[in-house]
Structure formats: C-alpha cells, structure tokens
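Asker: task: produce atomic coordinates for the following.
(one chain, ligands or ions: 1)
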Amino acid sequence: MSLDTIDSLTDELPIQITPYSPTIGGEISGIDLSQPLTDGQVEGIRAALLDRKVLFFRDQNITTEQHLEFARNFGDLEVHPFAPHKDGYPEVLAITHDREHPGQENGWHSDVTWRLQPSLGSILRCIECPPMGGDTLFADMYAAYDGLPEVVREKIEGRMALHDFEGFRVRLRKRGATEAELEEFNKTYPNPEHPVIRSHPETGRKGIYVNAAFTKHIIGMAPEESERLLAILYHQANMPEYQCRFRWAANSIAFWDNRACQHYAASDYWPNNRKVERVTVIGDTPFYRAEGPTTDMDESPFRGRVERQRVAPGPNLFKS
Ligand code: SIN
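Answerer: This next block holds a predicted model:
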C-alpha cells in the first residue's frame, strides 16, 4: 500500500505509524504494551500489520506474561517442538546467542512453514542486544511477487511446494536424538505442501511463499527446473527495494506477518551476546486463489529486474 494509506490509517486509528520504507515496516507509537489493549487498539494494530507487514515498538518494558497477553490478542499461540523455550513458558521461544553459540537465524524464511498450519505472525522482544549489529531484515513478499517477470509467474502460479524441518533434524541429531525419536517427529510433523504463491487470507494479495530454510522442491516439476525457479524466488528476498531493516535496542519489539513477509537476522555480532524471545501466533492453512488484487501502486520501472540479474547457472529460463 502507498504512503497515503499510512496517512489515512494514522488519521483513523488510535495509534501513530512511522513507515520504514515505501511498502514494508512501520514503527508504532502512542501505545503501552504493558497495559491491556482496547478493542480499537487491537484493531488498529491488526490493520497496520496488514498494511505494513511488520510493526516495530520501542521502549516496551514488559513482562513475559504481558508479552504473551499481547500476542493472544491476535490468535492462539504455538509451542515450538524443536527449539528451546524459556523456563516455565512453553510458548516463549528463547533465542540466545553468545561466543559459544553464534547466531544462526541468518537465512531468509517465514516461520514454521514446515507445519500444516504455519504461523500467522511472530512477536519478538529484545532482552539483550549487542553494542552493534544483530539487526533483523524483513522482505515484502507481495512486492517480491509483483516484481516477478510474467514468464516466471506463469510457471509457478497454482503450483505447490514441499516443506520440511530438515535444519531442526540436524540440530536434534547433534543434541543426541535417536533415529526412533526422529521418526516420531516425522510422523507428528509430516511434510506439508503449500502453494508457491500464497493468497493472503485477509488482504487477498498474492505473495511468494517458498523460503530457502524450509522449502524442498516444487511438486510435479523436474528437479532442475524446480531448483532454478526456487533460486529466482529466493533471490527476490535479497532485493533491497523490497526490504526494511530494524535496529534493535533492549525493550524493542517486532511483530511480523509471516503470511506476507520473510525475515533474516544478521549474524554479524559474534562474540557478543544477543538475547531475544519469540511468541508465535498460529495461522491457517495456506491457499492460492488465481483472482485477487495484486498491487495498488503504480507500475514500477524496477519491476522485472530479476530478468536482468541472472541468479542461477543453466539455460536461460526466460527464453522458453
Ligand atoms: C527468527 O528467525 O524468528 C528470529 C529473528 C531474530 O532473531 O531477529
């Protein structure tokens, strides 16, 4: 949506939004998350999230209970089966990095797409941040989709892709999980198939819904072609034109819509500590609908840039 939309949202809603880039990211002010929110404030945050895809809050000195209470305004919360949680709080993912445990969230992804019903949104609170670095970057998957050349869209619209928690399987093995235990996890979390292009259940907008961390391949496509197309789609997240970047401070919070954006935590702060806590709101089953709004912005000269930046070796995909 355009910056005019921000002005009208800011006029209509009981919160203020400062945009971070033309299409993604907005800092919210005029709200205290240690207090229960009014229905109007919740609706305002929801509307702002749909518009901006990721919201930032500063100086929110809240407790873990208040973090959970804020998240519950937006849906049921998940318990992550593989990642460590905060003692006594199964719904709070504790992400702690230091000299012995370097950051590892530096890959573009949308959270838990290896679930049948992946996340609606994640709410991350900074407990301790390094003196410099450890920013989180966000990429707008609607804009990334809108920027694809027609020839690529034609190949992927309506296709499904397989997702898997392979990275966690590797970590579970390192932590001593037996093959029998892993087999139980495989049964409990069978590989889902999600649309390569997802229609957002609330905005109807289409966005890229494959990610380098969890997507394995496009169903029913030759492995080589699947790999080439996935490389193009993954590369879209790297484009600065689709991104915004958040510099953390203690008591900052980011709330992102996993259905509309991907994120990447820069792992540039070793050997310093970085400690954040994430609460994840459960979403619905992803679907694709051919009709629906694309963009409400004017056609951009940037559109189709991927065509000029060859991202994968091999035959020229755009000529076929
Ligand atoms: C995550 O990938 O969910 C965590 C992102 C971050 O630590 O900034």
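Asker: show me which residues of the stretch 1-150 of the chain sit near the ligand.
Answerer: By C-beta under 6 Å from any ligand atom, the part of the stretch 1-150 of the chain that sits against the ligand consists of 95, 105, 111, 122, 124, 136. Any C-beta I mention is one placed from the backbone N, CA and C, and that applies to glycine too.
Asker: just to confirm, which helix or strand has the fourth one in it?
Answerer: In this case it means Ser122. strand 119-128 (DSSP states H and E).
Asker: can you give me the buried ones in that strand?
Answerer: 119-127 (16 or more other C-beta atoms under 10 Å).
Asker: what of stretch 264-284?
Answerer: 264-265, 267, 269-270, 272-283.
Asker: what of stretch 196-211?
Answerer: Buried-residue list, stretch 196-211, by 16+ other C-beta under 10 Å: 196-200, 203, 205-211.
Asker: okay if I get those residues as TSV plus secondary structure, distance to the ligand and pLDDT?
Answerer: Formatted as TSV, the buried residues of stretch 196-211 follow (DSSP: H, G, I helix; E, B strand; the rest coil; distance: C-beta to the nearest ligand atom, whole Å; pLDDT from 0 to 100):
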residue	secondary structure	distance to the ligand	pLDDT
Val196	coil	21	98
Ile197	strand	22	98
Arg198	strand	19	98
Ser199	strand	24	97
His200	coil	20	97
Thr203	coil	22	96
Arg205	coil	22	96
Lys206	strand	24	96
Gly207	strand	18	97
Ile208	strand	17	98
Tyr209	coil	16	98
Val210	coil	17	98
Asn211	coil	11	98
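Asker: pLDDT of the helix or strand that contains Ala47, averaged?
Answerer: In the assignment (DSSP H and E), Ala47 maps to helix 39-52. Taken as a whole, helix 39-52 carries a mean pLDDT of 95.
Asker: ok, residues contacting stretch 37-53?
Answerer: The contact list for stretch 37-53, computed with C-beta atoms under 8 Å, 6 or more residues apart in numbering, reads 1, 5-6, 9, 13-15, 17, 19-20, 23-26, 28, 31, 55, 70, 73-74, 121, 138, 140, 142, 200, 202-203, 255-257, 260-261.
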